[in-house]
Structures are given as structure tokens and as C-alpha cells.
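> let's see this in three dimensions:
(one chain, ligands or ions: 2)
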Amino acid sequence: MQQSLNFTDGPLITRIDDGAYWLQGFCLAQAEYYWQLLIYHFEAFPPQSMMTPMGPMSVKTTSFGEIGWEGDENGYGYALTKSSGQKNWPRIPEPLLDLASRAASAAGYQHFVPDTCLVNVYEVGAKMGLHQDKDERDFSQPIVSVSLGLPATFLFGGAARDSQVRKMPVMHGDVVVWGGKSRRHFHGVSTIAPGQHPLLGALRCNLTFRKAT
Ligand code: MD6
Ligand code: FE
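Ligands and ions are numbered 1, 2, ... in the order given. Okay, the predicted model is just below:
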């Protein structure tokens with residue numbers, strides 16, 4: 001971490017890289033409410049493990065928004081799709097749109113209006129290998145990533161897969177905003193360690209908001 005600015009009336013904001021910021025505790029006060037919205041969503045759209053060319057992912061996924069993310073045995077990584085099977089994904093709830101927009105603003109990206117929210121659920125032992133987020137059309141728009149539940153080590157590399165990787169302990173209520181020069185940098189999540197979170201139990205949940213179309 002190169003630089004931390006602790007504003008007296010705001011969250012701890014750490015610059016991770018060019019255009020990438022870690023907002024510690026940014027949504028801690030509202031996190032329980034967001035989790036309630038997610039539990040409700042999971043009843044109709046349960047998180048499912050996506051298929052990749054390397055086999056099923058350990059992380060389970062569901063979505064909100066005009067388009068969602070689905071597994072793809074043929075290509076690499078994910079494919080953006082219009083719907084989940086027959087059912088369209090529900091709209092991104094207003095409180096979550098508001099959170100994404102406020103977090104993006106706090107990191108210097110004004111007027112962020114995401115059209116998709118990917119919800120990743122990690123059980124103990126799940127992880128996400130180093131990857132780039134490069135399926136979106138407009139790389140001027142950032143990604144807003146919200147962490148809930150068990151802590152995780154977020155890995156942040158560079159433009160190449162073998163660039164040096166930094167490790168950030170992301171906690172319940174943290175938000176990472178990602179854009180600018182580091183928009184396509186490699187990143188991932190280490191294996192989730194056993195633990196119990198007071199609200200989520202033995203789970204970590206991550207929301208990523210994007211403007212994909
Ligand atoms: C996760 N997140 O934290 C996975 N991508 O569970 C991501 O892959 C991610 O957190 C782009 C920007 C922020 C992220
Ligand atoms: Fe990603």
C-alpha cells in the first residue's frame with residue numbers, strides 16, 4: 001500500500017495502484033441490510049458453480065441486472081448472457097445501485113451506473129485464480145467490488161499474469177474500486193480459511209458491479 005488517507009468524516013481509503021482503491025469499512029453500517037436483500041435473491045436465483053474449461057469453479061455465482069454471468073465450457077472464464085436459462089435476472093436493487101455509485105464516486109469515478117451485479121459466494125476452501133476482467137465493452141468504467149462475511153486475501157497483480165502480486169486482507173464491509181490504468185490488471189482471491197462470521201456464518205460473499213454493455 002503506497003498511501004492511506006484517513007479522512008475524519010469518511011472511510012479509510014487506500015490507493016492500491018493507478019486507479020484502484022480499497023475503501024475499508026465503506027458499507028459496514030449497511031452490510032446487514034444488503035445481506036438481507038441477498039438472502040431473498042438466493043431463494044429465487046440460487047448461487048451455482050459455473051463451468052469453465054478447467055472444470056466447475058469452487059465459487060458459486062448468481063446475478064442481478066440486465067445481463068448476468070454464466071459458465072462456459074468452451075471459452076475462457078465467463079460469458080455474459082442475457083438471462084439465466086428461461087428466467088431473466090432481476091433488476092439491481094436500488095440500495096445496491098446507490099452503494100455502487102457512492103463507492104465509485106469516493107474513488108473518483110463520477111456517475112457510475114452499473115448494468116450487472118455478479119454475486120460470488122465462497123465456502124471455506126473456495127478460491128478464485130488470477131484473472132483479468134476484460135469482457136466489458138467500456139474500460140473507462142470502473143468495477144466496484146463489495147466484500148461481506150468471512151475475511152479473504154485479495155490478490156492484486158499487474159498487467160501480466162506473472163507480475164508481482166500484492167495481498168490485501170479484505171473484510172466484511174470493505175469495497176474495492178477498480179479502474180483507470182489498472183482496470184485490466186490480474187487479480188484473484190486466495191483459498192478462504194475456516195471461520196465463522198456473525199452474520200454470514202462460514203461464507204464469504206462478494207458483489208461486483210459493472211457497466212458491461
Ligand atoms: C472476489 N473479485 O473478490 C472476486 N474483479 O470475490 C473479483 O474478481 C474482482 O473484486 C474485479 C474487481 C474487483 C474484484
Ligand atoms: Fe475479477
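> in space, what's closest to Q141 - neighbours in sequence excluded?
Distance criterion CB to CB, 6 or more residues apart in numbering; nearest residue to Q141, sequence neighbours excluded, is K211 at 4.0 Å. All C-beta spots, glycine's among them, are computed from the backbone N, C-alpha and C.
> what's the distance between that neighbour and A106?
K211 sits 17 Å away from A106, going by CB to CB, to the nearest Å.
> what of V170?
Using CB to CB, we find V170 at a distance of 16 Å from A106.
> and these two? Which one has more around it.
Ranked by neighbour count (other CB atoms under 10 Å), V170 and A106 place V170 first, with 21 against 18.
> who's in contact with the more buried one?
If you count contacts by CB atoms under 8 Å, 6 or more residues apart in numbering, V170 has them with 22, 147, 151-154, 176.
> H131 contacts R184, correct?
No: contact between H131 and R184 fails when scored by CB atoms under 8 Å: they sit 10.3 Å apart.
> what about stretch 188-197, how long is it end to end?
Stretch 188-197 has an end-to-end distance of 21 Å (criterion: CA to CA, to the nearest Å).
> quick check: residues of this protein near ligand 1?
Contact residues, the chain versus ligand 1 (CB under 6 Å from any ligand atom): 120, 128, 133, 143, 145, 154, 176, 178, 187, 189, 206, 208.
> just the residues you listed: which are in strands?
With DSSP state E as the criterion, strands contain 120, 128, 143, 145, 154, 176, 178, 187, 189, 206, 208 from among these.
> dump those to CSV, plus pLDDT and neighbour count.
Shown next, in CSV, are these (pLDDT from 0 to 100; neighbours: other CB atoms under 10 Å):
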residue, pLDDT, neighbour count
N120, 96, 21
M128, 93, 20
I143, 95, 24
S145, 98, 25
F154, 97, 22
V176, 97, 27
W178, 92, 26
H187, 95, 26
V189, 97, 21
N206, 98, 22
T208, 96, 20
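> just after the lowest-mean-pLDDT helix or strand in the chain, pick out the following helix or strand.
Lowest mean confidence among the helices and strands of the chain (mean pLDDT, DSSP states H and E): strand 83-84, at a mean of 53. Next along the chain after strand 83-84, taking DSSP states H and E as the criterion, comes strand 87-88.
> what pLDDT, on average, does that following strand get?
Across strand 87-88, pLDDT averages out at 76.
> which strands border that strand, and is each parallel or antiparallel?
strand 83-84 (antiparallel) (DSSP bridges).
> thinking again about what came up before, and the residues of the chain next to ligand 1 as TSV, adding distance to S163?
Output for the residues of the chain next to ligand 1, formatted as TSV (distance: CB to CB, whole Å):
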residue	distance to S163
N120	23
M128	17
D133	15
I143	18
S145	19
F154	15
V176	18
W178	15
H187	11
V189	17
N206	22
T208	21
